[in-house]
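1. Got a sequence here, can you model it:
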Amino acid sequence: MNKQLRRLSVLVTLMTFVLMGFATYVQFIEAPELNADPRNMRQVYQYFGQPRGSIIVEGNTIVESVPIRDEYNWQRVYAHGELYAAVTGYFSIVNGADRGIEASQDLNLSGDSDLMGWDRIRRMFFGEEQQVGSVELTIKSRIQEAAYEALKNVKGAAIVLNPKTGEIYAMVSTPSYDPNVLASHNSSEAANSYQKLIEDPNNPMLNRAISELYPPGSTFKIIDTVAAFATGKYNSDSTISSQKDYRLPGTDVTIPNYNNIVCGSNGKVTIREALELSCNTPFAELMVDLGQDRLLNKASAFGVGVPIPIDDGTGGLQITSVASRIPNNLTPDKVALAAVGQGDVLFTVLQDALLSAAIANSGNIMQPHLVKNVYGSDMTVLSKAEPIHFSTAMSAEDAQEMTDLMVNNVDYGYAYRAQIKGVKVGGKTGTAQKTETVAHSWFTGFAPADNPEYVVAVLVENDEINAADQAAKILRAALGK
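-> Got it, this is the predicted structure:
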């Protein structure tokens, strides 16, 4: 009998270890794969069938989860869908947390981030309900609304930011879309809505402010001017060669000035006048003389060539502006084209904003960001954004001289449409040729010029309206004018 009992106990012990091993394998090794399996409806209901934190602008909730009587219990609602879509992204049972703040702050909004580790522990041991975080944005509603109104009938984008802190006050991309149609709990409806949006030739889900590249046109002349100042041989009143037409080195191709105007007299023009009238030939020839290295080095100092992070990436899929582009093997003819923002040079709207941000902040660029605070379930602050230095584009002295030139452009030059009564505005326009008959309209600038609080960059595709006009509308709203 004892022998049989011993055998039975050994067998039971072995079976116990096998079961423990199998349970350990399933729970710890296979768990990620099982959780990711689309057939795992328990995981689907766990992810979508719980509340999700709010997204807040100036104390007002713009995105929230509200109770609903269906299998998921909670419905994601976007109070001003199209207005904030480029910022918020969307949350869908088809694609999960996709784009914008929904994706970048997914762990905080779902309560699964390290910032809420204690809440997770309490939930595990005491069976408490899921605790979620909320995210407050840097967006200013009046500025966001003004930017959207200025561009809602065209294809384009606008960015407004604080040059001293990097806080993004507005980020608009048009045409926009309504995230509510993607948040439907009917998976067929959500999938069909998504398919229609991605097949739409106007591409409303594209964030044109940070995810699309455009030739910057004459706004690139800001970089030319700063590069010239950095040599110590030039200032605003320095005269440079000015021809009616400039032949690109090594080619039979010539480039004219805007509207075929003649800049200066006797073949000379000051840098101030050249920037004021946005002359092409003086800047093309100047940068060929200064050379590729000076052009590339100064462009790099402004952030050209690297992706620009817009959050720290700890809450989910980091929001990043795609890298603006300029080749590093420019032949002299390509240098000339780059100098006027054409050829192989491509910018995001955010990058164009950083040109003005550097001037407005004594030569320093602060890292742009959208998240102001992350709150716990009891609205205690778990994370607070602090200004982060991104790069130094120029000296403080050159920034002051550039400020004077930018104000001169608005007061007396082609940027005059950005004038605001009672406020000094600095800015630079740009017209970027897409084809022989189609061009994009640009404006980048700041106000008030003596102590800049707001930097704005506006891009209008296909030159449907003047970007400087729309920038003025946005700045007026920001300044309360």
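
2. Tell me where the stretch 51-200 of the chain is predicted with low confidence.
-> The model of the stretch 51-200 of the chain has pLDDT under 70 over residues 116-130.

3. Now do the strands in it.
-> 55-57, 60-67, 74-78, 90-92, 96-98, 134-137, 156-161, 168-174 (DSSP state E, counting those that start in this stretch).

4. do you know which of these lies nearest S300?
-> Nearest to S300 among these is strand 156-161 (20.4 Å), distances taken as Cβ to Cβ. No exception for glycine: its C-beta is placed from N, CA and C like everyone else's.

5. and that closest one, what does it pack onto?
-> For strand 156-161, the packing partners by 3 or more Cβ pairs under 8 Å, 6 or more residues apart in numbering; DSSP states H and E come out as helix 141-151, strand 168-174, helix 349-360, strand 454-460, helix 467-479.

6. Just put those in a markdown table and tack on mean neighbour count.
-> Listed next are the helices and strands packed on strand 156-161 as a markdown table, based on neighbours: other Cβ atoms under 10 Å:
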| stretch | mean neighbour count |
| --- | --- |
| helix 141-151 | 22 |
| strand 168-174 | 28 |
| helix 349-360 | 29 |
| strand 454-460 | 30 |
| helix 467-479 | 24 |
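
7. still on that earlier bit, could I get the strands of the stretch 51-200 of the chain as JSON lines with distance to A393?
-> Listed next are these as JSON lines, based on distance: least, Cβ to Cβ, whole Å:
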{"stretch": "strand 55-57", "distance to A393": "30"}
{"stretch": "strand 60-67", "distance to A393": "33"}
{"stretch": "strand 74-78", "distance to A393": "37"}
{"stretch": "strand 90-92", "distance to A393": "35"}
{"stretch": "strand 96-98", "distance to A393": "34"}
{"stretch": "strand 134-137", "distance to A393": "26"}
{"stretch": "strand 156-161", "distance to A393": "15"}
{"stretch": "strand 168-174", "distance to A393": "19"}
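
8. Relative to Q243, tell me which of the ones you listed wins on proximity.
-> strand 156-161 (33.3 Å).

9. could I get the closest one in PDB with only the CA atoms?
-> The C-alpha coordinates for strand 156-161 follow below in PDB (Å, rounded to 0.1, in the frame of the first residue of the first chain):
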ATOM      1  CA  GLY A 156      -3.500  73.900 -46.200                       C
ATOM      2  CA  ALA A 157      -2.100  73.900 -42.700                       C
ATOM      3  CA  ALA A 158      -1.100  76.300 -39.900                       C
ATOM      4  CA  ILE A 159       1.000  76.100 -36.800                       C
ATOM      5  CA  VAL A 160       1.100  78.700 -34.000                       C
ATOM      6  CA  LEU A 161       3.500  78.300 -31.100                       C
END
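
10. Please renumber the chain so that the first residue is 15 from this point on.
-> Got it, the first residue is 15 from now on, which makes the last one we talked about strand 170-175.

11. What pairs with that strand, parallel or antiparallel?
-> When sheet partners are counted by DSSP bridges, strand 170-175 sits next to strand 182-188 (antiparallel), strand 468-474 (antiparallel).

12. Take those and lay them out in TSV including distance to D259.
-> Shown next, in TSV, are the strands paired with strand 170-175 (distance: least, Cβ to Cβ, whole Å):
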stretch	distance to D259
strand 182-188	37
strand 468-474	28
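
13. Quick one, which of those gets closest to I324.
-> Among these, strand 182-188 sits nearest to I324 (Cβ to Cβ), with 7.3 Å.
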